[in-house]
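Build me a model from this:
(chains A, B, C and D)
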Amino acid sequence: MPDPSNLPKDLAPIATRLSTMLPGDWRALRPLVDRAKCVKCAVCWLFCPVQCIAEKPRWFAADMSVCKGCGVCAQECPQNAIAMVEEDAA
Amino acid sequence: MNQLTPNSSLMPNSSQMIVCDGNEAAARAVVLARPDVVSVFPITPQSSLVESLSQFVADGVLGAELINAEGEHSVLSALQGACLAGARTYTATSGPGLAFMFEPYVRTPGLRLPMVVSLVTRDMLSPQCVWGGQQDAMSVRECGWIQIYCEDVQEVLDTVVMAFKLAEHKDVLLPVNVCHDGNYLSYGVSRVEMPAAGLVDEFLGEAAVNWHIALDPARPMAVDPLTGGTGPGGAASFVGYRKSQVRAMANALRVFSDIHAEWGERFGRHWAPLVEEYRLDDADIAIVTIGSMTGAGKDAVDAARDRGEKVGLIKVKMYRPFPREAMVAALSKVKAAAIVDRSVSFAWECGPLHQDVMTALFASPARIPLVGCIGGLAGADITGEHFARVIAATFQAAGGDIPSSPVWLNEHD
Amino acid sequence: MSNEIRLHGRGGQGTVLAAGILAQALAEEGKWAIAIPTFGFERRGAPVSAFLRVDDRPIRSLTNIYHPDVIVCIDQTLGRAVNIFAGMAPGATLVLASRKSPAELDLPPTARRLGLVDAVSIAMELFKRPITNSVMLGALARTTGMVSLESLARAMEGSHFRDAGLAQNLEAIRRGYDETEVLDLKESCHAYA
Amino acid sequence: GKGALEHLSAAARLHQAHAAREDMFVPGLSACQGCNSELLIRHTMRRIGRDSIVAAPPGCIPGMGTVGYNGQTGTKVPIFHPLLTNTAAMLGGIKRQYERKGRDVTVVALAGDGGAVDVGFQSLSGAAERGERVLFICVDNEGYMNTGMQASGSTTFGSWTSTTPVGEVGRGKSTDGKYLPQLMMGHGCAYVATASTAFLDDYHAKLDKALEASRAGFAYLHVHAPCPTGWRFPAAMTTEVCRRQVESNFVTLWEFTPAGGLRFTRGVEHPRPVTDYVRMIGKYKHLSPADLERIQASVDRRVETLQGFQRRSAAE
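Down below sits the predicted model:
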């Protein structure tokens, strides 16, 4: 395998560091899962554009550091188990 | 011309005399350089070059991956991809094909992709024209490609091979255009010596990959992410890459000189890498030439010498980067010079080479008079008679009668 | 020795190819040659020409030829379309494909040597088509002595002809050589032209 | 939404198959809320995995930070910006060199419609004709949504865009969009399919087939990707808009192979009226009843054309 170490680093732009930006602070609304209604059908996971829904033992929940608050999960949930609530609400 | 049937004799153990035109010579040089990927699209006057390459691949003489793309834009794009996957690559184009290639063309130097592309030079449209002239190559002289111009068929063959070594040198890592004049060199047939394949292998060595920037799952990276802007460090980052590119261009002067010296040692043919001085040491005036006109220019110098006129010639081989020190050193030997361009600079009412020589001369203590001559547009011939007029005008300029606008050599032909 | 040759023909007859083979044959004999076709569209039937310069030392000038010492015309009807003698150097040699006698040809008065061959008849016998370039290479060799039949044959073998095509073309060169009538032109020869 | 009910089992099955796979993008991409393209590329690259190279020509996909900027990237596999014009050719060059080296690498384009339908078309067409062994995915949001909602060749009749605006005289785009999947079928690609992110089980099945086909020839996937920002509908409605496109036959789901011809992967027999879809979208809100009739007529005509292909395929 060719070795880049003998080449200057300023030849051309490359990026090797992964971006650490998280869009959780974009949210105006956030998904609130009614754990009693969740049947773990995975529809929210399937359609979440940022793929931030993780499986918990009894329900599915969004990663709030990543969730942009688009509301697709709430719209698609067949059980109506997800409500979009104001980010600043308790 | 006579398409010599490719066979095993193409890869001999010793050098071999063959007779071919410049397009075939370039194609045979490519065989010697053993590229991984060659992509082609035909255009006059380049077509027989890519026909030869295709035949060499069909005959198994050239073991490259051949991509018959649907146009020059994709030709160069496919080669960019191949380069980023570590391939040694080659193509050739001309005139409108080069114009169509422009978008990926301007990007190639910034990606630092060491490819070799022959430009079989042709005048640019319009007037509609299919004949030789250097307007196409000159139109891309500020894009960051190295540009080299050849004088004869042998120089085409030798230079295409050398260009791979130049492009891949770690102090350069830039794309190279080897230019040979449409018509006179594309179709002009002459006797050339084919270097031995084994010796070329030793000369070139393994293809050097620009492994700094590469697309390989074994070493994931984003290639050419957005760079610059006014965000933190953006400007500094962009400037850093541009400076590196400019430095690499400057390095090419030294590296190409070294490569020529090595070529001369290994193969016995000594070409001037930057500018060639011909009968210049005791000359009163010089003519500056570029490309296939040079041979007739040298004959015209000899004829002038026979008449007792002290005339010399300066041939430009490497045009980008411009060898300004070598040019100034050569010009410092004479009292006046004529620059014979085969294209025009629309902005300066002169030829582009003339413009470069003027700029170089600014750094010289001796600001000698320059005569701008433009000839050979659209396949027009630059003959001994034309050069005799150039020489006469240059002697007049040495005496103080300097024309303020170009001498159009074929104006009445 | 320096010779400047101009070849005339029509697109499809192999004029440019003939110039290339001639350059190859001359190189086989240790000479230096360059061949340059005129730059146009080589349409089948349209007039085509090619230049060849030969010398005992390397040739530098990559230019057209304006005052040829030797003019070769491989098509017997071409004289109607173009002036094949334009710019001819005084004392030049002509190599022409024709069924006519020298007296019937309108030759320039300063030409000094003529090679004449019924190339079309030979080509029709050999190829069933009026492809006369190989015949005329034989005629050139016979008329000028500037190149040997053996060198032409070797050059032909190195070209793209193969097998039957190669044999036919080698035969065409030989017959062109054998059947060319060579005349020294005297002033009187032109008196009734 | 009740529409998702029919896919309940599919969601669970896809979750089981793919959730444990690595997301090949960083968690934070700056796509708009509800972005369909982000959803699509995450699913796609989860499936394709690490042994791949991604081309993302100018558009929303690099715009959301996949390629990155100033030294940072959003992607864990090699990724690059081709030009808008040359994606397929460049991928072809990469693939040829890896084949030459004997390495099995999947090369995939995540392109928008501009890089496929418009200036990218020549390169795409040439690469398809040559049978380059690449997977080209066109994420079609019917215009240049990354740079301010300008019209593209894919923009549909009547659409408001910033270059086909609505005014005293102008009534949005005056001509139909170019239907690229049918053109790609005409190239005889190894595999061509249309897809919608509302039908991800269908998409995943097609992605698997396309990957397999790309080992032998050119594979082309055309994914219809409604854009909440540019088309003017609420972000939460993205999947429902996708679903309604398909249910109204505005978008049809089919696949093509040279051997099998065209086959619908979802029936087109009992569509909803196209107005059920059009009424959801802000870019169409100015349309007259006559405009809506024209859209319905062109939807019906396209379905008939595709049905004709299917009938011929079935007969052969």
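
per-residue pLDDT, the residue positioned nearest the centre of chain A?
Centroid-nearest residue in chain A: residue A:52, 2.5 Å away (criterion: Cα atoms, centre = their mean). Residue A:52 carries a pLDDT value of 96.

do residue D:20 as well
At residue D:20, pLDDT is 94.

Ok, the one 10 residues further on next?
In this prediction, residue D:30 carries a pLDDT score of 96.

Kindly format the C-alpha coordinates of stretch B:368-387 as PDB.
Output of stretch B:368-387 as PDB, limited to C-alpha atoms (Å, rounded to 0.1, in the frame of the first residue of the first chain):
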ATOM      1  CA  ILE B 368      16.300  44.800 -25.900                       C
ATOM      2  CA  PRO B 369      13.800  45.600 -28.700                       C
ATOM      3  CA  LEU B 370      11.300  42.900 -29.500                       C
ATOM      4  CA  VAL B 371       9.500  42.200 -32.800                       C
ATOM      5  CA  GLY B 372       6.200  40.400 -32.500                       C
ATOM      6  CA  CYS B 373       5.400  38.000 -35.300                       C
ATOM      7  CA  ILE B 374       2.300  35.900 -35.700                       C
ATOM      8  CA  GLY B 375       2.300  33.100 -38.200                       C
ATOM      9  CA  GLY B 376       1.100  29.600 -38.800                       C
ATOM     10  CA  LEU B 377      -2.500  30.200 -37.800                       C
ATOM     11  CA  ALA B 378      -5.000  27.600 -39.000                       C
ATOM     12  CA  GLY B 379      -2.400  25.300 -40.600                       C
ATOM     13  CA  ALA B 380      -0.600  28.100 -42.500                       C
ATOM     14  CA  ASP B 381       3.000  27.300 -43.300                       C
ATOM     15  CA  ILE B 382       6.000  29.200 -41.700                       C
ATOM     16  CA  THR B 383       8.700  28.800 -44.400                       C
ATOM     17  CA  GLY B 384      12.300  29.800 -44.800                       C
ATOM     18  CA  GLU B 385      11.000  32.900 -46.700                       C
ATOM     19  CA  HIS B 386       8.800  33.900 -43.800                       C
ATOM     20  CA  PHE B 387      11.800  33.500 -41.400                       C
END
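
Mind listing what's buried along that stretch?
Neighbour counts over stretch B:368-387 (16 or more other Cβ atoms under 10 Å in any protein chain shown) mark B:368-383, B:386-387 as buried. For every residue, glycine as well, the C-beta is placed using N, CA and C.

In strands, which of those fall?
Residues of the buried residues of stretch B:368-387 located in strands (DSSP state E): B:370, B:371, B:372, B:373, B:374.

wait, what's in contact with residue D:209?
For residue D:209, the contacting residues are D:191, D:193, D:255, by Cβ atoms under 8 Å, 6 or more residues apart in numbering or on different chains.

swap in residue B:315?
B:151, B:272, B:275, B:276, B:278, B:288, B:289, B:290, B:294, B:297.

ok, now with 7 Å
Neighbouring residues of residue B:315 by Cβ atoms under 7 Å, 6 or more residues apart in numbering or on different chains: B:151, B:272, B:275, B:276, B:278, B:289, B:294.

The last one against residue B:149, yeah?
To tie it back to what came earlier, the one meant is residue B:294. No. Residue B:294 is beyond contact range of residue B:149, at 8.8 Å (criterion: Cβ atoms under 7 Å).

before we move on, back to that, of the contacts of residue D:209, which is the nearest to chain B?
residue D:191 (20.7 Å; Cβ to the nearest Cβ).

what residues does the stretch 201-350 of chain B put near chain A?
When proximity is defined by Cβ under 7 Å from any Cβ of the partner chain, the stretch 201-350 of chain B lies next to chain A at B:209-213, B:218, B:221-225, B:227, B:240-241, B:244.

at 10 Å what do you get?
Applying Cβ under 10 Å from any Cβ of the partner chain, one finds that the stretch 201-350 of chain B approaches chain A through B:206-214, B:216, B:218-228, B:237-238, B:240-245, B:247-248.

Can you flag the buried ones in those?
Buried among those (16+ other Cβ under 10 Å): B:207-214, B:216, B:220-228, B:237-238, B:241, B:244-245, B:248.

Go through these and flag which are in strands.
B:222, B:223.

interface residues of the stretch 201-316 of chain D facing chain A?
D:201, D:228, D:234, D:235, D:236, D:237, D:238, D:239, D:240, D:242, D:243.

tell me the two of those that are most distant?
D:201 and D:234 (24.9 Å; Cβ to Cβ).

which SS class is residue B:191?
strand (DSSP: H, G, I helix; E, B strand; the rest coil).

no, scratch that, I was asking about residue C:137
Classified using three-state DSSP, residue C:137 is helix.

Just the pLDDT at it, thanks.
97.

Do I have it right that it meets residue C:9?
No. Counting by Cβ atoms under 10 Å, residue C:9 is not a contact partner of residue C:137; they are 11.8 Å apart.

Looking at these two, which has the bigger crowd around it?
Each of residue C:137 and residue C:9 has its neighbours counted (other Cβ atoms under 10 Å in any protein chain shown); residue C:137 has more, 32 against 28.

Quick one: residues contacting that one.
C:7, C:14, C:17-19, C:21-22, C:25, C:72, C:74, C:95, C:147, C:149, C:152-153, C:155-156, C:169, C:172-173, C:176-177 (Cβ atoms under 10 Å, 6 or more residues apart in numbering or on different chains).

redo that, cut-off 6 Å
Counting by Cβ atoms under 6 Å, 6 or more residues apart in numbering or on different chains, residue C:137 touches C:18, C:152, C:173.

For residue D:215, state which of those is nearest.
For those, the nearest to residue D:215 is residue C:18 (50.4 Å; Cβ to Cβ).

which SS state does that closest one fall under?
Once three-state DSSP is applied, residue C:18 turns out helix.

Any idea how many residues pack against the residue lying closest to it once chain neighbours are set aside?
Distances taken as Cβ to Cβ, 6 or more residues apart in numbering or on different chains place residue C:133 nearest to residue C:18, at 3.9 Å, with adjacent residues excluded. Using other Cβ under 10 Å, residue C:133 has 27 other residues around it.

Residue C:16 is in contact with residue C:133, correct?
No. Contact between residue C:133 and residue C:16 fails when scored by Cβ atoms under 6 Å: they sit 9.1 Å apart.

Next one: residue A:63 from chain D, what distance?
7 Å (Cβ to the nearest Cβ, to the nearest Å).

Please report the distance of the closest residue in space to that residue that isn't next to it in sequence from residue D:42.
Setting aside the residues directly before and after it, residue A:63 is nearest to residue A:52 in space (Cβ to Cβ, 6+ apart), at 4.2 Å. In this structure, residue A:52 and residue D:42 are 10 Å apart, going by Cβ to Cβ, to the nearest Å.

Now do the strands in chain D.
Going by DSSP E, chain D shows strands at D:52-55, D:72-73, D:79-80, D:106-112, D:135-140, D:191-196, D:219-224, D:254-257, D:261-264.

Spell out which parts of the stretch 151-300 of chain B neighbour chain C.
B:183, B:184, B:187, B:188, B:189, B:190, B:191, B:292, B:295, B:296, B:298, B:299 (Cβ under 6 Å from any Cβ of the partner chain).

tell me the pLDDT at the first one?
We note a pLDDT of 95 for residue B:183 in this prediction.

Ramachandran coordinates for the closest residue to residue D:287 other than its chain neighbours?
Nearest non-adjacent residue to residue D:287, counting by Cβ to Cβ, 6+ apart: residue D:158, 5.0 Å away. Torsion angles at residue D:158 (phi, psi; degrees, to the nearest 10) stand at phi 90, psi -10.
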